[in-house]
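Peer 1: Got a sequence here, can you build the structure:
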Amino acid sequence: MKQKTKSRKILVIHGPNLSLLGKREPHIYGRVTLNQINRALRKLAKEKGFKLKIAQSNYEGKIVDLIAKAKKDKFCALLINPAAYTHTSVAIRDAISASGIPTVEVHLSNIYTREDFRQRSLISPVAKGQICGFGLKSYLLGLEAIEDILNKS
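Peer 2: Sure, this is the predicted structure:
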């Protein structure tokens, strides 16, 4: 079922080093590339009637700027894999909180089975939910979750 509000724009943000997917630590992240993730997201978004803006940045400030402009740019939700910034960025956390738009946090790997420092997310307390450990499917489940959140609001 499609949402009945005007805005069907979703901002997707990939954090640092995700441009290296497919080559970087395939035993953790698999062989899926960022382009494959983006293609799968665009396909599902089209089926759901969403428009996506997809961005990847290694720079915390750029990610903060994208989130800060999200409401002004009429995005109805944010799907984010903050990557390493999950565990360190109060700035991204605060930007999400201030944005007022529903946010779903996703991760390819299960962060709770990884190193101790990776098992804490600064983002999850300000997100509607978190999906991790399902590889590319984490992103697709995140988009499905956004659809559910928007349909309930």
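Peer 1: Okay, strands next: where are they in this structure?
Peer 2: 9-14, 51-56, 77-81, 103-107, 129-132 (DSSP state E).
Peer 1: Now mean neighbour count, distance to residue 138 and mean pLDDT too, for the ones you listed, in CSV please.
Peer 2: No exception for glycine: its C-beta is placed from N, CA and C like everyone else's. Shown next, in CSV, are these (neighbours: other CB atoms under 10 Å; distance: least, CB to CB, whole Å; pLDDT from 0 to 100):
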stretch, mean neighbour count, distance to residue 138, mean pLDDT
strand 9-14, 23, 12, 98
strand 51-56, 15, 15, 98
strand 77-81, 26, 8, 98
strand 103-107, 26, 4, 98
strand 129-132, 20, 5, 98
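Peer 1: Could you point out which of those sits nearest residue 70?
Peer 2: Of all the strands of the chain, strand 9-14 sits nearest to residue 70, with 5.2 Å by CB to CB.
Peer 1: Parallel or antiparallel, which strands does that closest one pair with?
Peer 2: Strands flanking strand 9-14 in the sheet, each with its direction: strand 51-56 (parallel), strand 77-81 (parallel) (DSSP bridges).
Peer 1: gap between the longest one and the chain center?
Peer 2: In terms of CA atoms, centre = their mean, to the nearest Å, the gap separating the centre of strand 51-56 from the centre of its chain is 10 Å.
Peer 1: Give me the contact list for that strand.
Peer 2: 8-15, 18-19, 34, 38, 41-42, 45, 62, 66, 73, 75 (CB atoms under 8 Å, 6 or more residues apart in numbering).
Peer 1: show me what contacts the residue nearest to residue 145 when sequence neighbours are not counted?
Peer 2: Nearest non-adjacent residue to residue 145, counting by CB to CB, 6 or more residues apart in numbering: residue 104, 5.1 Å away. Residue 104 is in contact with 77-80, 127-131, 142, 145-146, 149, counting by CB under 8 Å, 6+ apart.
Peer 1: Over to residue 126?
Peer 2: 93, 96-97, 103.
Peer 1: For residue 102, give its distance to residue 8.
Peer 2: Residue 102 sits 13 Å away from residue 8, going by CB to CB, to the nearest Å.
Peer 1: Would you state the helices of this structure in chain order?
Peer 2: 26-29, 34-48, 60-70, 90-99, 136-152 (DSSP state H).
Peer 1: Quick one: these as TSV, columns for mean neighbour count and distance to residue 122 too.
Peer 2: Compiled in TSV, the helices of the chain are given as follows (neighbours: other CB atoms under 10 Å; distance: least, CB to CB, whole Å):
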stretch	mean neighbour count	distance to residue 122
helix 26-29	12	21
helix 34-48	15	23
helix 60-70	18	12
helix 90-99	18	5
helix 136-152	19	18
